[in-house]
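> Here is my input, please return the structure:
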Amino acid sequence: MFIYASDNVRELGGAKKWWLHKSLLSLIESLKSLGVKLIIRKGKDSSSVLKSLISEVHADSVYWNKRFDPLAKSRDENIKKELISSGINVECFDGFLLHNPNSFFTADGKPYGVFTPFWKKFQNEIVVSAPLPVPERLQGVEFDVHLERLEDLNLLPKIKWYAEMENFWSVSEQDAQKRLNWFISHALDGYGENRDRPDLDGTSLMSPYLASGLISPRQIWHSVVNSKKNGVSEGAEAFLRELAWREFSYHVLYHNPDMVNANLKKEFDAFPWRWDKTDDYVKWTKGLTGIPIIDAGMRQLWKTGWMHNRVRMIVASWLTKNLLIHWKIGEEWFWDTLVDADIANNVQGWQWTAGCGADAAPYFRIFNPVLQSKKFDPKGMYIRKWVPELAKLPDEYIHEPWNAPVYLLKMIGLELGKDYPLPMASIEETRKRALEAFEKIRRKNL
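Down below sits the predicted model:
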């Protein structure tokens, strides 16, 4: 069954609601092929809805996969206690992750806070169980129970702003496996070199399928490992490390639940981040900063519900370090606009880039968006796709159009400040300001 209740912890963003609607459509069809119906219920709280259905169908056991984010974990544990006290058998599984975050620690018994030693121990100690095959049939409920219609959940907005997402994504278990198979055959071996290139189709695109449960980490892990008869390639190992990074993010969040809203490194509580959603913030969300690689990423996000991971780091660095806007403001925008919104990955990624999280980027690592753009989008193809105003610029100026000669701009009919904005702020001046602020924090904590 699927319960849609107001206590489903953090309210889903608009993009994730669209993805959930499509995922449930897929699940309904998959279960129908196995001879059962998906029971959909909605209500104010999951516990009362679940108890009501248990009573209707005279169930004596309930099974689910554990959730490891703080609020969902607390809710599910309370429901489990209530059901057990009522005589209901409850069994929970770790299928959402490859490991239980409470399963291993450092040599001195502490949770891991640095990825490299976590990854080493993960490789040595975690045995990833093979996924089970799809059953031929399932035994459904023999009672005539009330089913909510999927449309009654009102997951889709009245204005169809998601048209481009529908063109970009195919949302089903079959589509997840199809994309994984393509990735393994065409892009896995080159993943180590190409994963940072937003101009190439070099990543798996598994993140939204993983976040929604349309594919499991075990399926991905074993598909990758089993695809290599002569040992795991460098590209495959790099990809498995990314799966382990997801595990690490949940490991850190599980042991530091407050980091959903607070800096993991408390010394950053004194950092002069701004909380107000300024005009600069609005321009950032709309992809109108005047810095091509940032605008390309933010527009890709708005139109497809997804952004290349390298570009996520660039846009996050600009917001938190160059503009000095609190990482939580950016994290909330990502939560609302990403189809792969995942609380551990989202929070960990933003705190890592801001410098206040686990295994965080050094405070002095402030991404220069122009240099990043030149390195990872050398021909400007990513920019040309998502910022078409700049498409006619030659490679030499596509990353920094403000340096293009006036005659060239006139020749291609591009007026900066009108057709495309001038940079909202100086890259060098804002970098210097951020470094000064970070240095004050560092000296204060010596």
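
> so C92 makes contact with R67?
No. The pair C92 and R67 fails to qualify as a contact (CB atoms under 8 Å) at a distance of 9.4 Å. Using the backbone N, CA and C atoms, a C-beta is placed for each residue, glycine as well.

> Q348: which element?
helix 343-354 (DSSP states H and E).

> tell me which strands and helices that helix is in contact with?
helix 234-255, helix 309-317, helix 327-337 (3 or more CB pairs under 8 Å, 6 or more residues apart in numbering; DSSP states H and E).

> How far away from the center of its chain is it?
With CA atoms, centre = their mean, to the nearest Å as the basis, helix 343-354 stands 9 Å off its chain's centre.

> try stretch 335-351
Per CA atoms, centre = their mean, the displacement of stretch 335-351 from the mean C-alpha position of its chain is 4 Å.

> Over to the nearest residue to Y4 once chain neighbours are set aside. Which of the three states is it?
In space, and not counting its chain neighbours, Y4 is closest to K42: 4.4 Å by CB to CB, 6 or more residues apart in numbering. Assigned by DSSP: H, G, I helix; E, B strand; the rest coil, the conformation of K42 is strand.

> Identify the residues contacting K42.
By CB atoms under 8 Å, 6 or more residues apart in numbering, the contact set of K42 is 3-5, 49, 148, 152-153.

> now those in a markdown table, with distance to F367, pLDDT and secondary structure?
Converted to a markdown table, the contacts of K42 look like this (distance: CB to CB, whole Å; pLDDT from 0 to 100; DSSP: H, G, I helix; E, B strand; the rest coil):
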| residue | distance to F367 | pLDDT | secondary structure |
| --- | --- | --- | --- |
| I3 | 41 | 93 | strand |
| Y4 | 39 | 93 | strand |
| A5 | 40 | 90 | strand |
| V49 | 45 | 93 | helix |
| E148 | 46 | 90 | coil |
| D152 | 45 | 93 | helix |
| L153 | 39 | 95 | helix |
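
> between the helix holding Q348 and helix 234-255, how big is the angle?
100 degrees (axes from the mean of the first three to the mean of the last three CA atoms, to 10 degrees).

> how near is L323 to P369?
12 Å (CB to CB, to the nearest Å).

> Show me what the mean pLDDT comes to for the helix holding Q348.
Averaging pLDDT along helix 343-354 gives 96.

> shouldn't L38 be in contact with L25?
No. Between L38 and L25 no contact is recorded; they are 9.9 Å apart, counting by CB under 8 Å.

> Pick out whichever of the two has more residues nearby.
Between L38 and L25, L38 has the larger neighbour count (other CB atoms under 10 Å), namely 18 against 14.

> list the contacts for that one?
Here L38 is in contact with 1-2, 24, 27-28, 31, 147 (criterion: CB under 8 Å, 6+ apart).

> got a list of what Q174 touches?
Applying CB under 8 Å, 6+ apart to Q174 gives the contacts S26.

> Look up how far T203 lies from it.
Relative to T203, and taking CB to CB, Q174 is found at 20 Å.

> ok, now R365?
According to CB to CB, R365 and T203 sit 22 Å apart.

> same check, this time on T304
The value you get for T304 to T203, if CB to CB is used, is 13 Å.

> same deal with L408?
From L408 to T203 the distance is 34 Å (CB to CB).

> What segments of the stretch 101-250 of the chain are helices?
Ranges of helices in the stretch 101-250 of the chain, per DSSP state H, counting those that start in this stretch, are 115-125, 163-168, 173-186, 191-194, 207-212, 217-226, 234-255.

> Would you reformat the ones you listed as TSV and include mean pLDDT?
Below are the helices of the stretch 101-250 of the chain laid out as TSV (pLDDT from 0 to 100):
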stretch	mean pLDDT
helix 115-125	95
helix 163-168	95
helix 173-186	97
helix 191-194	96
helix 207-212	97
helix 217-226	96
helix 234-255	96
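
> Could you list the buried residues of stretch 230-241?
Using 16 or more other CB atoms under 10 Å as the test for burial, stretch 230-241 gives 233, 235-236, 238-241.

> and what of stretch 53-61?
Buried positions in stretch 53-61, judged by neighbour count with 16+ other CB under 10 Å: 53-54.
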